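Colleague: Sharing a model prediction with you, sequence too.
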Amino acid sequence: MFGNTQQGLLVVLSAPSGCGKDTVLSELDNRLEIRRSVSMTTRAIRPQETDGVDYYFVDEPYFLKMLAEDKILEYTSYSGHYYGTPRQAVDEWLRAGETVVLKIEVEGAENVRRLYPDSISIFLVPPSMHVLEERLRKRSSESEEEIQSRMTIARSEMQHATQYDYIVVNDRLDDAVSDIRAIIRSERHKTSRCGNIISEVIHHAES
Ligand code: 5GP
């Protein structure tokens, strides 16, 4: 954790489905100290996924109960399923001064911007829509109909990219990860987030 950070940094990362944001995030996790929020979803688990790690896979009544109890910070309905960010862990990490990454879609990003004006947002884009479609096909976890639905959503999501603070192209994985790391590192050094460092330094000099 950053000793000089007065409050945590909330980072929203969005990307069209299939853009490789999970790979980017895992790699980022190895190179930078971050907390990754685990979302709750009502969609079916994919073969390579683990419950409690990739998502909390829940049924609709449970999701709606969490929502009614105000335990979901933001949520959306995407491709026929609910996805939401559990509130408690995020708020605790932020209070502890940590960097928290939310991997969410554009509507959720808009809500988080409103709820947490100090948050920053990054939009990861594929090098082209053609590459995106290829990546979705390679994953082969969705039906043709689902792939087409995700491509339609992706096209409309791309229109929202300019609402984000930063845009990163995921062409070469290593470059995309380095770019995001650089963004987070410089944001952590913003004067507004390091208010207490000056008094800490002065205090140390005197003791
Ligand atoms: P997938 O089904 O491919 O895992 O996710 C579909 C979309 O839902 C992705 O764009 C993903 O970032 C987004 N998503 C995942 N969790 C959440 C969440 O908690 N809130 C919101 N708003 N979007 C989410």
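Modeller: Received the coordinates, thanks.
Colleague: which residues touch whatever residue of the chain ends up closest to the ligand?
Modeller: The nearest approach of the chain to the ligand comes at residue 108, 2.2 Å away (C-beta to the nearest ligand atom). Backbone N, C-alpha and C define where each C-beta goes, glycine included. Listed by C-beta atoms under 8 Å, 6 or more residues apart in numbering, the contact set of residue 108 reads 12, 14, 74, 75, 76, 83, 85, 102.
Colleague: mind running it again at 6 Å?
Modeller: 74, 76 (C-beta atoms under 6 Å, 6 or more residues apart in numbering).
Colleague: That one should be in a helix, yeah?
Modeller: Yes. Under DSSP: H, G, I helix; E, B strand; the rest coil, residue 108 falls within a helix.
Colleague: Tell me the spacing between it and residue 49.
Modeller: Residue 108 sits 19 Å away from residue 49, going by C-beta to C-beta, to the nearest Å.
Colleague: Repeat that for residue 76.
Modeller: 19 Å.
Colleague: Sketch out the low-pLDDT regions of the chain for me.
Modeller: 1-6, 205-207 (pLDDT under 70).
Colleague: Write out the residues of it neighbouring the ligand.
Modeller: For the chain, the contact set with the ligand under C-beta under 6 Å from any ligand atom comprises 17, 39, 43, 74-76, 78, 83-85, 103-105, 107-108.
Colleague: Buried residues of stretch 58-71, list them for me.
Modeller: 58, 63, 66 (16 or more other C-beta atoms under 10 Å).
Colleague: Now the last one: which helix or strand?
Modeller: Okay, so that is residue 66. According to DSSP states H and E, residue 66 maps onto helix 60-68.
Colleague: Could I get the CA-only coordinates of whichever helix or strand comes after that helix as PDB?
Modeller: Under the assignment DSSP H and E, the closest C-terminal helix or strand after helix 60-68 is strand 72-78. The C-alpha trace of strand 72-78 is given here as PDB (Å, rounded to 0.1, in the frame of the first residue of the first chain):
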ATOM      1  CA  ILE A  72     -24.700  -3.000  -4.500                       C
ATOM      2  CA  LEU A  73     -22.700   0.100  -5.300                       C
ATOM      3  CA  GLU A  74     -23.700   0.200  -9.000                       C
ATOM      4  CA  TYR A  75     -25.300  -2.300 -11.300                       C
ATOM      5  CA  THR A  76     -26.400  -2.800 -14.900                       C
ATOM      6  CA  SER A  77     -28.300  -5.200 -17.000                       C
ATOM      7  CA  TYR A  78     -26.100  -6.400 -19.800                       C
END
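Colleague: what's the following helix or strand after strand 72-78?
Modeller: strand 81-86.
Colleague: I'd like the distance from the helix or strand that that following strand is followed by to the chain centre, please.
Modeller: As assigned by DSSP H and E, the chain's next helix or strand after strand 81-86 is helix 87-95. How far helix 87-95 lies from its chain's middle: 14 Å, per C-alpha atoms, centre = their mean, to the nearest Å.
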